[in-house]
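Trainee: Can you look at this prediction? I've put the sequence above it.
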Amino acid sequence: MEYNAKSFETRQNMKPLNAMTEKELFKEFEKNRDIVIRNELAKRYIYLAEILSRKFVKRGIDYEDIFQVASIGLLYSIERFETSRGFEFSSFATPTIIGEIKKHFRDKGWSIRVPRRIQEMSKKINFARTSLYQQLQRTPLTKDIADFLECTEEEIFEILEASQVYTLKSLDLTYENAGEDKDVLFMDLIGEKDAKFELIEDRDFLEKTMSKLNKIEKDVINERFFGCKTQMQIAKELKISQMTVSRVEKKAIEKFRRELRKIN
């Protein structure tokens with residue numbers, strides 16, 4: 001952003017900044033690009049940065065850092081604002097400030113929310129790694145870091161494991177496959193077929209079809225295929241003939257076949 005070198009001289013012909021309205025300040029800033037006027041506007045609208053920053057507290061980044069980013073967003077808004085468009089400055093600035101805050105979270109925030117203790121320890125481990133590398137002239141071991149921070153190796157492993165969620169990897173990430181022309185997708189390395197996935201549709205089909213059977217058909221099918229009983233056993237329990245059980249079973253199975261043909 002370039003500012004007018006004669007801005008101080010220009011201000012000598014203006015009334016005091018604290019006596020000017022925001023609208024007057026914006027008009028002067030558009031003409032002169034005076035950094036002093038910009039700072040005066042920032043002072044008057046800093047409350048916007050404070051209010052919007054508070055909406056993002058307790059999400060893994062300190063309020064002071066969020067407020068600093070929001071303040072930068074406020075300055076961007078002041079520099080881009082045009083009074084001729086007829087918008088209120090607060091309406092124009094709010095999405096810009098929020099956009100800067102969200103961008104900061106994407107770049108610096110944790111992808112998954114973790115306890116503050118883990119966040120703080122993660123910072124200490126990074127500091128310990130750098131310090132120990134300089135002292136030892138080699139990559140520090142887990143034991144070295146644990147001794148440096150006066151904690152156990154198990155605690156270090158816990159923090160390192162949790163730190164994996166700082167940034168998430170895309171499932172579409174590709175890796176070179178040595179000796180092969182085709183790259184390997186990250187999802188192919190971590191994914192596995194759920195043995196019960198295909199059962200979801202089968203269960204849904206069974207439940208819907210069973211709801212269309214009458215009571216005796218339901219009883220026969222349940223006892224025959226889920227209770228693993230013979231037709232003779234079912235006939236005795238229901239006090240009907242085996243022939244009747246056989247006819248009911250065939251009729252019910254035919255209903256299943258009809259429903260199956262509908263979805264195929």
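Mentor: Nice, thanks for sending it over. Just so you know, these numbers come straight off a predicted model, no measurement behind them. Numbering: from 1, shown residues only.
Trainee: quick one: contacts for Ile235?
Mentor: No, residue 235 isn't Ile; it's Ala. By CB atoms under 8 Å, 6 or more residues apart in numbering, the contact set of Ala235 is Ser241, Gln242, Thr244, Val245. Yep, even glycine has a C-beta here, placed from its N, CA and C like the rest.
Trainee: Spatially nearest residue to the second one (excluding sequence neighbours)?
Mentor: Right, the one you point to is Gln242. Leaving aside its sequence neighbours, Gln242 sits nearest to Ala235 (CB to CB, 6 or more residues apart in numbering; 4.5 Å).
Trainee: where along the protein do the strands fall?
Mentor: Along the chain, the stretches classed as strands by DSSP state E are 174-175, 184-185.
Trainee: Least confident of those, on average?
Mentor: Ranked by mean pLDDT, those bottom out at strand 174-175, which scores a mean of 62.
Trainee: show me the contacts for Ser131.
Mentor: Here Ser131 is in contact with Phe148 (CB under 8 Å, 6+ apart).
Trainee: Please report how far it lies from Tyr76.
Mentor: 37 Å (CB to CB, to the nearest Å).
Trainee: Check Leu48 too.
Mentor: Counting by CB to CB, the separation of Leu48 from Tyr76 is 12 Å.
Trainee: Between the two, which is the more surrounded one?
Mentor: Legend: neighbour count by other CB atoms under 10 Å for Leu48 and Tyr76, higher for Leu48 (21 against 16).
Trainee: In this structure that one contacts Thr94, no?
Mentor: Yes - contact status for Leu48 versus Thr94: in contact at 6.8 Å, counting by CB atoms under 8 Å.
Trainee: ok, the residue of the chain most remote from its centre - contacts?
Mentor: Of all residues in the chain, Ser241 has its C-alpha farthest from the mean position, at 62.0 Å, by CA atoms, centre = their mean. Contacts for Ser241 (CB under 8 Å, 6+ apart) come out as Ala235.
Trainee: Any idea how many residues pack against Tyr47?
Mentor: Residues lying near Tyr47 (other CB under 10 Å) number 11.
Trainee: So, low pLDDT: which residues of the chain?
Mentor: Scanning the chain for pLDDT under 70 picks out 1-14, 59-60, 106-116, 119, 162-198, 264.
Trainee: about what we covered before: out of the contacts of Ala235, which is nearest to Thr142?
Mentor: Within these, the smallest distance to Thr142 is 68.1 Å, found for Val245 (CB to CB).
Trainee: if we can go back for a sec, from Ser77, how far off is the residue nearest to Gln242?
Mentor: Taken as CB to CB, the span from Ala235 to Ser77 is 83 Å.
Trainee: Could you do Thr96 as well?
Mentor: Counting by CB to CB, the gap from Thr96 to Ser77 is 4 Å.
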